[in-house]
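A.B. asks: Got a sequence here, can you model it:
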Amino acid sequence: MPNTNLQSQNSGKASEAPSPEPDKPSVLEVSKWKKIVREFEKPSIWKSSWQLVTTLGLYFLVWSLIFFNYKNQGPWYYYIPLLILGAGLTVRIFIIFHDCGHQSFFKKKIFNQIFGFITGTLAFTTFKHWTWEHNVHHATVGDIDRRGMGDVWTLMVDEYLALSKLQRIGYRIWRHPLFLFGFAPTYIFLVRERFPAPTASPANRKAVFCTNIALLMLMVSGCLIFGSMMFLLFQLFIISIAATAGVWLFYVQHQFEGVYWERHEHWEYTSAALDGSSFYKLPKVLQWFTGNIGFHHLHHLSTKIPNYHLEACHNSHPAFSNVTKLTLLSSFKCMHFRLWDESQKELITWKQFKAIRGEREASLA
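C.D. replies: The predicted structure follows:
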């Protein structure tokens, strides 16, 4: 597990920073990194507005081109780049929605709420309800004892061994890449997001209902313009591709080699942010479509940083670079992880599990 170079204060005492090693960034105390990121936590009305206008403008342009090709009975293969572009823009719309949820996109809360609702509807996600669940994720990421909301279902080795045979099959199916990045994303955004969580407040339940009504109106309008079959098919392709990309981004940002996970009594915020979240270095085009969310370690360090300031904040101090970095190619290794081995403090594959299974079953017996 990589050691974070941003150390926090424990037990009310500031930890002493060791002398920096040659060619390595110096250690920062929590009070210092807070001071550094503070200047990047201020939203810019011009940058936010420009990002909103260009993203939504391009999104509706794509739908206009789809409509033009449809009305003129253009070649079917014209739809392929348009649907892929529409999916990429939907991911970017979701990032704006996500920032609105953190109250970091606009300075005024009312603007975040209005545009959070609009962008959330386009991304098939309820603003208020999702924001509540996502804030739980930020408060518990890397905390083994507080798993269960807003994270990827991951079991400890001993927990898996305690399951019945049928439950193990269910877990294996869920963690299989074909399910996790195939069926699951579309199911989550089209079906699960239509219902509130059992523990949701009345306000959050009402928010889900209002979003569903807005989505119904959007779907009816699209069906009247394009025809029911064609519009629903276009929308299905766009949201499925976007949902898969979104789930993949979230997965590799928290399920990678060396990730930080601790029991609650040892859990610590700064380490959870910087060692529990990866720096996903993407090509510039993909970085644009994903709204800089690859700088995920800094987003978890401070949710108040708007997506358009994340890269500048990352470059503001060498200490922020001393985290786990994934590239597009290296990130594919992450899909093989299945369980958390608490004794070794690492994610393991089924092959690794098979090697230790006998020993663990004997210890449990």
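
A.B. asks: C-alpha only now, for contacts and for neighbours.
C.D. replies: Fine.

A.B. asks: Can you show me the strands along the stretch 151-300 of the chain?
C.D. replies: Using DSSP state E, counting those that start in this stretch, the strands of the stretch 151-300 of the chain run over residues 155-156, 279-281.

A.B. asks: For the ones you listed, give me JSON lines that also has mean pLDDT.
C.D. replies: Below are the strands of the stretch 151-300 of the chain laid out as JSON lines (pLDDT from 0 to 100):
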{"stretch": "strand 155-156", "mean pLDDT": "95"}
{"stretch": "strand 279-281", "mean pLDDT": "96"}
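
A.B. asks: quick one: which of the ones you listed is nearest T270?
C.D. replies: Of all the strands of the stretch 151-300 of the chain, strand 279-281 sits nearest to T270, with 14.9 Å by C-alpha to C-alpha.

A.B. asks: one step back: closest one to L329 among the strands of the stretch 151-300 of the chain?
C.D. replies: Of all the strands of the stretch 151-300 of the chain, strand 279-281 comes closest under C-alpha to C-alpha, at 10.2 Å.

A.B. asks: Find the centremost residue of the protein, please.
C.D. replies: What sits nearest the mean C-alpha location of the chain, by C-alpha atoms, centre = their mean, is F250, with 3.4 Å.

A.B. asks: ok, back up a step: let me have the strands of the stretch 151-300 of the chain in a markdown table, extended by mean neighbour count.
C.D. replies: Output for those, formatted as a markdown table (neighbours: other C-alpha atoms under 10 Å):
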| stretch | mean neighbour count |
| --- | --- |
| strand 155-156 | 17 |
| strand 279-281 | 21 |
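
A.B. asks: Now distance to N212 too, for those, in JSON lines please.
C.D. replies: Converted to JSON lines, the strands of the stretch 151-300 of the chain look like this (distance: least, C-alpha to C-alpha, whole Å):
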{"stretch": "strand 155-156", "distance to N212": "33"}
{"stretch": "strand 279-281", "distance to N212": "33"}
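
A.B. asks: The ones you listed: which one's closest to L61?
C.D. replies: Closest among those, using C-alpha to C-alpha: strand 279-281, at 28.6 Å.

A.B. asks: what helices or strands is that closest one leaning on?
C.D. replies: helix 296-301, strand 325-327 (3 or more C-alpha pairs under 8 Å, 6 or more residues apart in numbering; DSSP states H and E).

A.B. asks: could I get the longest one in CSV with only the CA atoms?
C.D. replies: Once non-C-alpha atoms are left out, helix 296-301 reads as follows in CSV (Å, rounded to 0.1, in the frame of the first residue of the first chain):
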residue,chain,number,x,y,z
HIS,A,296,-10.2,11.6,-7.6
HIS,A,297,-7.8,11.7,-4.7
LEU,A,298,-8.1,15.5,-4.5
HIS,A,299,-11.9,15.3,-4.9
HIS,A,300,-12.0,13.1,-1.8
LEU,A,301,-9.6,15.4,0.0
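
A.B. asks: Could you check how far it is from the centre of its chain?
C.D. replies: Distance of helix 296-301 from the chain centroid (C-alpha atoms, centre = their mean, to the nearest Å) equals 11 Å.

A.B. asks: Give the other helices and strands that the helix or strand just after that helix contacts.
C.D. replies: Following helix 296-301 in sequence order, the next helix or strand is helix 310-314 (DSSP states H and E). Applying 3+ C-alpha pairs under 8 Å, 6+ apart, one finds that helix 310-314 contacts helix 296-301.

A.B. asks: Mind listing residues that contact the helix it packs on?
C.D. replies: 138, 253, 270, 273-280, 293, 305, 310, 313-314, 320, 323 (C-alpha atoms under 8 Å, 6 or more residues apart in numbering).

A.B. asks: got a list of what A243 touches?
C.D. replies: Neighbouring residues of A243 by C-alpha under 8 Å, 6+ apart: V91, P185, T186, F189.

A.B. asks: of all those residues, which two lie farthest apart?
C.D. replies: V91 and T186 (13.5 Å).

A.B. asks: Could you check which of those two is surrounded by more residues?
C.D. replies: V91 (24 against 20; other C-alpha atoms under 10 Å).

A.B. asks: Check which helix or strand the more buried one maps to.
C.D. replies: helix 79-101.

A.B. asks: Just the C-alphas of that helix, formatted as CSV.
C.D. replies: Taking C-alpha atoms only, helix 79-101 is exported to CSV below (Å, rounded to 0.1, in the frame of the first residue of the first chain):
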residue,chain,number,x,y,z
TYR,A,79,-25.8,6.9,-35.6
ILE,A,80,-22.8,5.1,-34.1
PRO,A,81,-20.5,8.1,-33.6
LEU,A,82,-23.5,10.3,-32.5
LEU,A,83,-24.6,7.8,-29.9
ILE,A,84,-21.0,7.4,-28.5
LEU,A,85,-20.6,11.2,-28.4
GLY,A,86,-24.0,11.5,-26.7
ALA,A,87,-22.9,9.0,-24.1
GLY,A,88,-19.7,10.9,-23.5
LEU,A,89,-21.5,14.1,-23.0
THR,A,90,-23.9,12.4,-20.6
VAL,A,91,-20.9,11.4,-18.5
ARG,A,92,-19.8,15.1,-18.5
ILE,A,93,-23.4,16.2,-17.6
PHE,A,94,-23.3,13.7,-14.7
ILE,A,95,-20.0,15.3,-13.4
ILE,A,96,-21.7,18.7,-13.4
PHE,A,97,-24.7,17.2,-11.6
HIS,A,98,-22.2,15.6,-9.2
ASP,A,99,-20.5,18.9,-8.5
CYS,A,100,-23.9,20.6,-7.9
GLY,A,101,-24.5,17.9,-5.3
